[in-house]
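A.B. asks: Provided below for reference: sequence and predicted model.
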Amino acid sequence: MLKKGILALLLSVLFASSYAQTRNNYYSTLWWNEVNFKGDIGKKGFYQVDFQYRTTSDATNKANGAYHDPFKNMMQMQFRPFFGYYIGEGLKLSIAPGIAPTWNNWRSSSPNFQMEYRLTVQLQSDKKYGRVILTHRSRFEYRMGGTAVDSKNSAADMFNEKAWSYDVSKERYRFRYMLRAIIPLNNKTIEQGTFYVNVYDEVFAAFGSNVPSGAMLDQNRFNLGLGYRFAKDIRVEAGYFMQLQMVDASTSTSSVTNAFHNNGVQVFLIFNNMKKLFKGESDPTPKQ
């Protein structure tokens with residue numbers, strides 16, 4: 001109860017700080033792809049490698065934009081290899097370095113690109129309640145941005161050497177908490193041939209000397225989708241995704257927060273146990 005109360009208080013403070021300023025709401029359409037490769041290392045270790053690619057339409061703050069074409073602008077890529085340890089039943093701790101090439105073309109009149117470097121520490125708990133799998137995931141991120149450079153809205157921007165240099169003014173931290181429920185539909189467990197509901201919500205809180213008050217509530221993500229385990233340890237998930245991003249746009253004379261509402265489709269392809277996959281074995285109750 002104490003933990004829930006602290007979390008509720010934190011969220012209340014964050015939302016209050018974001019609404020205390022003038023808030024402009026803008027909208028865009030998003031396409032989000034991610035591939036996960038998972039596997040065990042010995043008896044207690046594990047790894048997970050994430051590849052992510054996002055594209056988006058123009059946001060409605062851009063005049064005469066393409067507001068419904070989710071493939072028009074590059075938004076972000078991510079590469080993040082996790083290495084972890086099973087602490088106990090259903091509880092695991094992991095750490096991941098990572099990079100996140102990021103484009104600002106879709107919401108800015110001055111398009112730019114920058115590289116972002118991340119170090120993530122993650123604690124995750126998975127527990128079954130009947131046929132429902134409930135996940136609590138907490139992440140702490142150290143984020144360091146590269147120097148912003150002019151963007152051509154293409155992967156070629158990543159070859160600009162200046163974008164890889166550190167910009168100390170972009171150093172910041174972020175805490176993320178996700179609650180997820182997975183519910184098998186046609187079987188009691190997620191075995192081959194199983195359809196399942198996948199629903200989650202994740203809240204992000206940013207902090208550090210370089211984070212303005214209007215951006216403390218960094219973002220919120222909600223996804224409602226359907227998954228299917230179609231071959232041994234391979235699953236696919238697709239769902240309707242809503243993302244709220246808060247960007248401080250304050251000037252010397254006014255306090256302004258720009259809220260970007262990104263709605264679209266999120267698709268995951270998950271290889272759940274690479275070792276058994278290549279051996280042709282199947283785990284009837286794979287780890288999530």
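C.D. replies: Nice, I can see it.
A.B. asks: What segments of this protein are strands?
C.D. replies: With strands called from DSSP state E, the chain shows them at 22-41, 45-56, 73-88, 91-99, 102-103, 112-114, 116-129, 132-145, 149-150, 172-184, 194-207, 217-231, 234-248, 256-271.
A.B. asks: Convert the longest one to CSV, retaining C-alpha atoms only.
C.D. replies: Read that as strand 22-41. Output of strand 22-41 as CSV, limited to C-alpha atoms (Å, rounded to 0.1, in the frame of the first residue of the first chain):
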residue,chain,number,x,y,z
THR,A,22,0.2,26.7,-20.9
ARG,A,23,-0.3,23.5,-22.8
ASN,A,24,-0.5,23.1,-26.5
ASN,A,25,-1.8,19.8,-27.9
TYR,A,26,-0.6,18.4,-31.2
TYR,A,27,-1.4,15.1,-32.9
SER,A,28,0.4,12.6,-35.3
THR,A,29,0.1,9.1,-36.6
LEU,A,30,2.8,6.5,-35.6
TRP,A,31,4.2,3.2,-37.0
TRP,A,32,6.3,1.3,-34.5
ASN,A,33,8.3,-1.9,-35.2
GLU,A,34,10.4,-3.9,-32.8
VAL,A,35,12.2,-7.2,-32.9
ASN,A,36,13.3,-9.0,-29.7
PHE,A,37,15.8,-11.8,-29.4
LYS,A,38,15.8,-13.6,-26.0
GLY,A,39,17.7,-16.5,-24.5
ASP,A,40,19.3,-17.9,-21.3
ILE,A,41,23.0,-17.8,-20.4
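A.B. asks: winner for burial among the strands of the chain?
C.D. replies: strand 102-103 (a mean of 24; mean count of other CB atoms under 10 Å). Just so you know, the C-beta spots here come from the backbone N, C-alpha and C atoms, and that holds for glycine as well.
A.B. asks: Which strands or helices does that strand pack on?
C.D. replies: strand 73-88, strand 112-114 (3 or more CB pairs under 8 Å, 6 or more residues apart in numbering; DSSP states H and E).
A.B. asks: Among those strands, which comes closest to residue 135?
C.D. replies: strand 73-88 (14.5 Å; CB to CB).
A.B. asks: how far out from the middle of the chain is the closest one?
C.D. replies: 9 Å (CA atoms, centre = their mean, to the nearest Å).
A.B. asks: Could you do stretch 129-139 as well?
C.D. replies: The answer for stretch 129-139 is 17 Å, by CA atoms, centre = their mean.
A.B. asks: returning to what we had before: kindly reformat the helices and strands packed on strand 102-103 as a markdown table containing mean pLDDT and distance to residue 180.
C.D. replies: What follows is the helices and strands packed on strand 102-103, written out as a markdown table (pLDDT from 0 to 100; distance: least, CB to CB, whole Å):
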| stretch | mean pLDDT | distance to residue 180 |
| --- | --- | --- |
| strand 73-88 | 96 | 16 |
| strand 112-114 | 94 | 30 |
